[in-house]
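S.K.: for reference, the sequence and a predicted model appear below.
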Amino acid sequence: MAVALPAEHDTATRLPTIHFVAVRGLLLRCSNLAEAMLRLVAEDDHGDAVRVLARSISESAVKAMWLCGGDEERYLRFMADGVSSELEFCRQTEATIKERGWALPIETRVLAAARDSIKSIGLTEEEIRSAKRLPDLASMYEDVGIGRLSYVAVHKLGSHATHGTWMELLVNYVGTGSEGVGLDTSAVLPDARQLFDVILAILEAMERVVLTLHRTLAGEEVLEHVRCAEQGLFDAMAVAYPEDFGWAAEELLRRRRR
């Protein structure tokens, strides 16, 4: 079900509605995936899936910050990049149909769906193909002021769980027993400390969106909730993991003074 934008949207930003929706959609995606992540952590299982979700959420949060910090061209690049695979799929499928001489019903349906997705962004195929490519995620981290260390810690190390590297196997699926090296079939336990960076990224993205795109009364109310949630996050982690997050109170104070 589509939800209308707030009435203040037109006064909040000069962006076309579809571009404003793109940022809000990224935040909604972060919210839904974060809820799934919390449920898995509460079950104390599927730590491998938790890491995949953490990486995905952080990427969406950084993209939201990157988008709202730029002009309309960024949104066009983001949307063109988002349908480039659909465009290639259409070309390949249509070529296959032409060579065969007839189309399967499923091909007709998926082609129509893909074409609708492409049409939704209001760009021609030539405009999509010629659009400037998105920067890599490392550049986005730098551009929004988060930095290389966070990129390596969240994205590159998170790639182990996402892509199933040898390091991921070694940590979670390979064990050593009396018969030597073998598979470890025990549950992969999640680490609740991973929640800190993920939730903080979402809160930072929400704050950035309000400050750059939605400086309205409604936006200010959201901003107050965001800052309260940030306070609660730092306090909770400092209490639950004092050795790892004992610095949290001072760090939050430093952030408030910026």
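M.R.: Nice, I can see it. Numbers count the residues shown, from 1 in each chain.

S.K.: so residue 181: helix, strand or coil?
M.R.: Following DSSP: H, G, I helix; E, B strand; the rest coil, residue 181 is assigned to strand.

S.K.: may I have the beta-bridge partners of the spatially closest residue to it that is not a sequence neighbour?
M.R.: Of all residues not flanking residue 181 in the chain, residue 174 sits nearest, at 6.4 Å (CB to CB, 6 or more residues apart in numbering). Every C-beta, even on glycine, is put in place using the N, C-alpha and C of the backbone. With DSSP bridges as the criterion, residue 174 is bridged to residue 183.

S.K.: residue 159: neighbour count?
M.R.: 16 (other CB atoms under 10 Å).

S.K.: so it sits in a helix?
M.R.: Yes - applying three-state DSSP, one finds residue 159 inside a helix.

S.K.: that one touches residue 58, doesn't it?
M.R.: No - applying CB atoms under 8 Å, one finds residue 159 not in contact with residue 58, separated by 11.9 Å.

S.K.: helices of this protein, start to end?
M.R.: In the chain, the helices defined using DSSP state H lie at 9-12, 17-42, 47-68, 72-100, 105-119, 125-130, 137-143, 148-150, 158-163, 166-172, 194-213, 217-240, 242-245, 248-257.

S.K.: out of those, which gets nearest to residue 186?
M.R.: When the helices of the chain are compared by CB to CB, helix 166-172 sits nearest residue 186, at 9.2 Å.

S.K.: need the residues that contact the closest one.
M.R.: Outside helix 166-172, the residues that touch it by CB atoms under 8 Å, 6 or more residues apart in numbering are 47, 48, 160, 161, 184, 188.

S.K.: give me every residue that touches the residue nearest to residue 181.
M.R.: Residue 174 touches 181, 182, 183, 184, counting by CB under 8 Å, 6+ apart.

S.K.: one more: residue 34?
M.R.: Applying CB under 8 Å, 6+ apart, we find residue 34 in contact with 53, 57, 198, 199, 202.

S.K.: mind doing that once more with 10 Å?
M.R.: Residue 34 makes contact with 53, 54, 57, 61, 195, 198, 199, 201, 202 under the criterion CB atoms under 10 Å, 6 or more residues apart in numbering.

S.K.: considering those, which possesses the most neighbours?
M.R.: Counting by other CB under 10 Å, top hit in those: residue 61 with 29 neighbours.

S.K.: now stretch 153-164: average pLDDT?
M.R.: Mean per-residue pLDDT for stretch 153-164: 90.

S.K.: before we move on, the earlier item: please tell me the pLDDT value assigned to the residue nearest to residue 181.
M.R.: 91.

S.K.: make 7 the first number, not 1, from now on.
M.R.: New numbering, starting at 7: the last item is residue 180.

S.K.: from residue 125, how far off is residue 91?
M.R.: 15 Å (CB to CB, to the nearest Å).

S.K.: got it, and residue 136?
M.R.: Taken as CB to CB, the span from residue 136 to residue 125 is 17 Å.

S.K.: rewinding a little: which of the contacts of residue 180 sits closest to residue 26?
M.R.: Closest to residue 26, out of all of the contacts of residue 180 and judged by CB to CB, is residue 190, at 47.0 Å.

S.K.: check what pLDDT that closest one gets.
M.R.: At residue 190, pLDDT is 88.

S.K.: wouldn't it be in contact with residue 183 here?
M.R.: Yes - with contact defined as CB atoms under 10 Å, residue 190 counts as touching residue 183 (8.8 Å).

S.K.: quick check: the gap between the most centrally placed residue in the chain and residue 184.
M.R.: With distances taken as CA atoms, centre = their mean, residue 66 lies nearest the centre of the chain, 1.9 Å away. Here the criterion is CB to CB. By it, residue 66 lies 45 Å from residue 184.
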